[in-house]
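Participant: Pasting a predicted model and its sequence here:
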Amino acid sequence: MKILSYIYFFITSFRNWLYDKNILKVFKVEDVEIICIGNITVGGTGKTPAVQFFAKKLQDMGKNVAIVSRGYKGKRKHEPLLVSDGKTRYATPIESGDEPYLHALNLKVPIIVGKNRYKACLFAKEKFNVDTIILDDGFQHRRLKRDRDIVLIDATNPFGWRALLPKGTLREDFEGGCKRASEFIITKSDLIEDRDLEKLKRFFKTRFGKPVSIAKHGVTSLCDMEGNPKPLFWLEGKRVLLFSGLANPLNFEKTVISLKPSYIERVDFMDHHSFKPKDMELIKKRAENMHATFIITTEKDLVKLPKNLDIENLYVLKIEFTMLEDNSLENMED
């Protein structure tokens, strides 16, 4: 693992050096502000609700917004692919990937996916005349020029085990990546102690001299499969089975623990897992064996579940990104 991490470090560092020295070309989309929301680690920072938060915020400011994503693990024949025009969905989760499809469910803005983010942004500009594009998870995609790089830092694992993939969760050299950031947002701040949060905030502000904001991911509702919200106090004192395909399922469990169930078990799948009927049978049997009152998953996993599920007491926990301290460049400029 250590040797593989060194190889990964060399490849990513060399690639970044080529961009730093202007050897590799960077493409710019004229007359469009591009805001990248990404991270320096693999998953677990709560990026999806953060992207939706900023999309709504920019819309409220009168901006004409679109979201462009790579569409990780999506299977499609043509690119760029229009997932939604803000009113109608034109793609399935299998084609778009789970996160873009979730954006399409929750937002009234165009959602476009494509490995070539420059072409996808041009498509958004030409078809929808947008003035602002949010680049979802594009911090390492340096081929496209952007105006702001917002880097999310998971408060529960800010340094990615201090190692690059596959030994740790860092996507690139920590120092080099952080120096490129325009600003930082420490997410999931409610899952660590206040004194640890202050240390973390001070570290990023002092080390890199960039604005540091604080955010949390709070539970907004517990919904059944028809989308009907149920009281959160229903979980108090109950036996609960969690299942998800997340990079950091432990944070999901910590969030549910805050709702005071009497007992929790967890079934973990790989990140971005597409659930099959056999997976659901496993979950159903596990729930029966532990006498679970509720089976709970995430919004991100909901879009990857098989149709016509025959599971009682299956619910979705909805999470909302909330800024607790907003020291972003945008506010500083105001």
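Facilitator: On my side now, so go ahead. Because the structure is a prediction, the values reported are computed rather than measured.
Participant: and Val316, what element?
Facilitator: Using DSSP states H and E, the element containing Val316 is strand 314-325.
Participant: before we move on, what about Glu265?
Facilitator: With DSSP H and E as the criterion, Glu265 is inside strand 263-268.
Participant: Given that strand, what are its sheet partners and their directions?
Facilitator: Paired with strand 263-268 in the same sheet, following DSSP bridges, are strand 239-244 (parallel).
Participant: still on that earlier bit, and the contacts of the strand holding Glu265?
Facilitator: Strand 263-268 is contacted from outside by 239-246, 249, 252-253, 256-257, 282-283, 286, 290, 292, using C-beta atoms under 8 Å, 6 or more residues apart in numbering. For the C-beta atoms, the positions are set from N, CA and C on the backbone; glycine is no exception.
Participant: how about 7 Å then?
Facilitator: The contact list for strand 263-268, computed with C-beta atoms under 7 Å, 6 or more residues apart in numbering, reads 239-244, 249, 253, 256-257, 283, 286, 290.
Participant: could you measure Arg117 against Val151, distance?
Facilitator: 17 Å (C-beta to C-beta, to the nearest Å).
Participant: Pick out whichever of these two has more residues nearby.
Facilitator: Neighbours were counted for Arg117 and for Val151 using other C-beta atoms under 10 Å; Arg117 has more, 26 against 23.
Participant: Contact partners for the nearest residue in space to that one that is not next to it in sequence?
Facilitator: In space, Arg117 comes closest to Leu144 once its chain neighbours are excluded; the distance is 4.7 Å by C-beta to C-beta, 6 or more residues apart in numbering. If you count contacts by C-beta under 7 Å, 6+ apart, Leu144 has them with Phe27, Ile34, Arg117, Tyr118, Cys121, Leu135, Gly138.
Participant: element containing the fifth one, please.
Facilitator: Secondary structure assigned from DSSP H and E places Cys121 in helix 117-128.
Participant: and the angle for the next helix or strand after that helix with helix 117-128?
Facilitator: The C-terminal neighbour of helix 117-128 among helices and strands, as given by DSSP H and E, is strand 132-136. Calculated by axes from the mean of the first three to the mean of the last three C-alpha atoms, to 10 degrees, strand 132-136 forms an angle of 140 degrees with helix 117-128.
Participant: Okay, buried residues for strand 132-136 please.
Facilitator: Using 16 or more other C-beta atoms under 10 Å as the test for burial, strand 132-136 gives Thr132, Ile133, Ile134, Leu135, Asp136.
Participant: Sheet partners, orientation included, of the helix or strand that comes right after that strand?
Facilitator: Counting by DSSP H and E, the element after strand 132-136 in chain order, helix or strand, is strand 148-154. Sheet pairing of strand 148-154 (DSSP bridges) gives strand 33-39 (parallel), strand 183-187 (parallel).
Participant: now these in TSV, with mean pLDDT and mean neighbour count?
Facilitator: Listed next are the strands paired with strand 148-154 as TSV, based on pLDDT from 0 to 100; neighbours: other C-beta atoms under 10 Å:
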stretch	mean pLDDT	mean neighbour count
strand 33-39	98	22
strand 183-187	98	25
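Participant: Tabulate those strands (JSON lines), appending distance to Thr220.
Facilitator: Below are those laid out as JSON lines (distance: least, C-beta to C-beta, whole Å):
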{"stretch": "strand 33-39", "distance to Thr220": "20"}
{"stretch": "strand 183-187", "distance to Thr220": "16"}
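Participant: Which one of these lies nearest to Asn64?
Facilitator: Shortest separation from Asn64 across the strands paired with strand 148-154 is recorded for strand 33-39, at 10.5 Å, computed as C-beta to C-beta.
Participant: low-confidence ranges in the stretch 1-150 of the chain?
Facilitator: Residues of the stretch 1-150 of the chain meeting the criterion pLDDT under 70: none.
Participant: Show the residue spans covered by the strands in it.
Facilitator: Shown for the stretch 1-150 of the chain, the strands assigned by DSSP state E, counting those that start in this stretch span residues 33-39, 65-69, 81-85, 110-113, 132-136, 148-154.
Participant: Distance check, Leu235 against Lys260.
Facilitator: Taking C-beta to C-beta, one finds Leu235 at 7 Å from Lys260.
Participant: who's more crowded, these two?
Facilitator: Neighbour count, other C-beta under 10 Å: between Leu235 and Lys260, Leu235 has more, with 25 against 12.
Participant: ok, which stretches of the stretch 151-300 of the chain are strands?
Facilitator: Under the criterion DSSP E, counting those that start in this stretch, strands of the stretch 151-300 of the chain are mapped to 183-187, 212-223, 229-230, 239-244, 263-268, 294-298.
Participant: Turn those into CSV, columns for distance to Val113.
Facilitator: As requested, those are exported to CSV (distance: least, C-beta to C-beta, whole Å):
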stretch, distance to Val113
strand 183-187, 23
strand 212-223, 24
strand 229-230, 29
strand 239-244, 22
strand 263-268, 26
strand 294-298, 20
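Participant: Which of these has the highest mean neighbour count?
Facilitator: Compared across these, strand 183-187 shows the largest average neighbour count, a mean of 25 (mean count of other C-beta atoms under 10 Å).
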